[in-house]
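A.B. asks: model this:
(one chain, ligands or ions: 1)
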Amino acid sequence: MADKKGIPMRLPETETATEVYSLPFPELPKDLGALKGMKPIVVKQPYHIDYIHSYGQDSPWIAGLSNGTILGSRCKRCRNTYPQPRGHCMDCGDETEWVVLPNKAKVHTFTVCHFGSQEFLPECPFVLCLIEFKGCETLLLSRLMGVDPLKPSLKWVGMEVEAKFRRLSKTKPTDVYFVPVGS
Ligand SMILES: [Zn+2]
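C.D. replies: Numbering: from 1, shown residues only. Down below sits the predicted model:
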């Protein structure tokens, strides 16, 4: 509907509405005070964005995972080696170069996650671990599979593990995870 000048007077009606699970409201006009204690309105609505993310100089590290290889970054000057993509040494600031890391390493420590962000919620509980590579100065945060998250054990600390890679790469750091050697 429009006014005489053709300016719309109403919002268009749509065929879809919000799914509402709870919409309590007190009797009017006498119960307005009850609004203070009103329970939250809970609605369901789709939310989607296409996010274009550039891995930039980290790209070789991601490409390595897609091809079953963990790359490390080694400082050209002081030889510090990191299991993450790092363009520059966090010690001396000099540029790094790529090196191939072994697929076997050790669990430095771990935690069991009973809650996580939306992407990981369906997988709770799961085990996150810090992986220790021989000759590396820092640790790699990754998933530990092949152990029961409901029966965590300090025996996992120091355990020899080997890297596994998603067969269908998601081009994400989660393409690699670790399992006990021989499992
Ligand atoms: Zn350095």
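A.B. asks: following the lowest-mean-pLDDT helix or strand in the chain, which helix or strand shows up next?
C.D. replies: Among the helical and strand segments of the chain, the one scoring lowest on mean pLDDT, DSSP states H and E is strand 19-22, with a mean of 70. Using DSSP states H and E, the helix or strand that follows strand 19-22 towards the C-terminus is strand 42-44.
A.B. asks: helices and strands around that next one, which ones?
C.D. replies: If you count contacts as 3 or more Cβ pairs under 8 Å, 6 or more residues apart in numbering; DSSP states H and E, strand 42-44 packs onto strand 19-22. C-beta here means a position set from N, CA and C on the backbone, and glycine is covered the same way.
A.B. asks: I figured residue 115 hits residue 124, correct?
C.D. replies: Yes. Contact criterion Cβ atoms under 8 Å: residue 115 and residue 124 qualify, at 6.2 Å.
A.B. asks: the more surrounded of the two?
C.D. replies: residue 124 (12 against 8; other Cβ atoms under 10 Å).
A.B. asks: could you tell me the per-residue confidence at the more buried one?
C.D. replies: Note for residue 124: predicted pLDDT of 94.
A.B. asks: before we move on, what about residue 145?
C.D. replies: The per-residue pLDDT reported for residue 145 equals 96.
A.B. asks: what do you get for residue 17?
C.D. replies: So, for residue 17, pLDDT stands at 70.
A.B. asks: any idea which element it lies in?
C.D. replies: Applying DSSP H and E, one finds residue 17 in no helix or strand.
A.B. asks: where along the protein do the helices fall?
C.D. replies: 59-66 (DSSP state H).
A.B. asks: point out the residues in it that sit beside the ion.
C.D. replies: 75, 77, 78, 80, 89, 91, 92, 94 (Cβ under 5 Å from the ion).
A.B. asks: switch the cut-off to 8 Å
C.D. replies: Residues of the chain lying close to the ion by Cβ under 8 Å from the ion are 75-80, 89-94, 96.
A.B. asks: quick one: buried ones out of those?
C.D. replies: When neighbours are counted using 16 or more other Cβ atoms under 10 Å, these contain these buried positions: 75, 80, 89, 96.
A.B. asks: appreciated, that's everything.
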